[in-house]
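Asks: Need a 3D model of the sequence below.
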Amino acid sequence: MLDRLRQFITDVVAPAGADQHVFAEDDYRLAAAALLIHVISLDGEPTAAEKRKLHALLTYRFDLDPARVDALIADAMRAEGEAVDLYRFTSVIMRSVNEEGRLRIIEMMWELVYADGHVSEFEDNVIWRAADLLGVSARERVNLRQQVADGSLDSGTVN
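Replies: Residues are numbered from 1 along each chain as shown. Sure, this is the predicted structure:
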């Protein structure tokens, strides 16, 4: 409730159409969301299922209300559009997130890839590169992929 009041006040005080960024560049949630957006954009325009899954994952994993998730997605889309490589995001995550949290981010990437029922070689390659940069072993990456494909995960929030 307090977050909604703050957002309302921000919306009233800020000039209409002002370029507002809710999440800082060094916020691991922004970096993770940008990676997720990159993954769902690889094979063209994200599907409705991918967009719903993205919103649900960010809401649950980062414990955010829908308005904050919308702001996170908007900021992440901007950041992802400006990025030239994955390192921009993985370096922030490496500095801020423990090993278990990094595994959850790779898991989220697999969940999004499987949201449309098809895994392209480009999606698989990006997750491989991101996992490598995040210090997630090939074995862990493949295990997460299999668990997501089988629907056998019971995971929590990203730390």
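
Asks: going forward, measure contacts between C-alpha atoms and count neighbours the same way
Replies: Noted.

Asks: and the closest residue to L36 other than its chain neighbours, how far is that from D43?
Replies: Once flanking residues are discounted, L36 sits nearest to M109: 5.8 Å by Cα to Cα, 6 or more residues apart in numbering. M109 sits 14 Å away from D43, going by Cα to Cα, to the nearest Å.

Asks: Please say which of those two ends up with more neighbours.
Replies: M109 (31 against 14; other Cα atoms under 10 Å).

Asks: Go ahead and confirm that one touches H38.
Replies: No. In this structure M109 lies outside contact range of H38 using Cα atoms under 8 Å: 9.5 Å.

Asks: center of this protein, which residue is that?
Replies: In the chain, the centroid-proximal residue (Cα atoms, centre = their mean) is A33; its distance is 2.5 Å.

Asks: got the contact list for it?
Replies: By Cα atoms under 8 Å, 6 or more residues apart in numbering, the contact set of A33 is L58, L72, I73, A76.

Asks: mind checking the SS state of V119?
Replies: Judged by DSSP: H, G, I helix; E, B strand; the rest coil, the three-state class of V119 is coil.

Asks: low pLDDT regions in the protein?
Replies: For the chain, the stretches flagged by pLDDT under 70 are 1-21, 152-159.

Asks: can you pull out the helices in it?
Replies: Taking DSSP state H as the test, the helices found in the chain are 2-13, 28-41, 48-61, 66-82, 87-96, 99-115, 121-133, 138-150.

Asks: Could you identify which of the ones you listed is most buried?
Replies: Highest mean neighbour count among those (mean count of other Cα atoms under 10 Å): helix 28-41, with a mean of 24.
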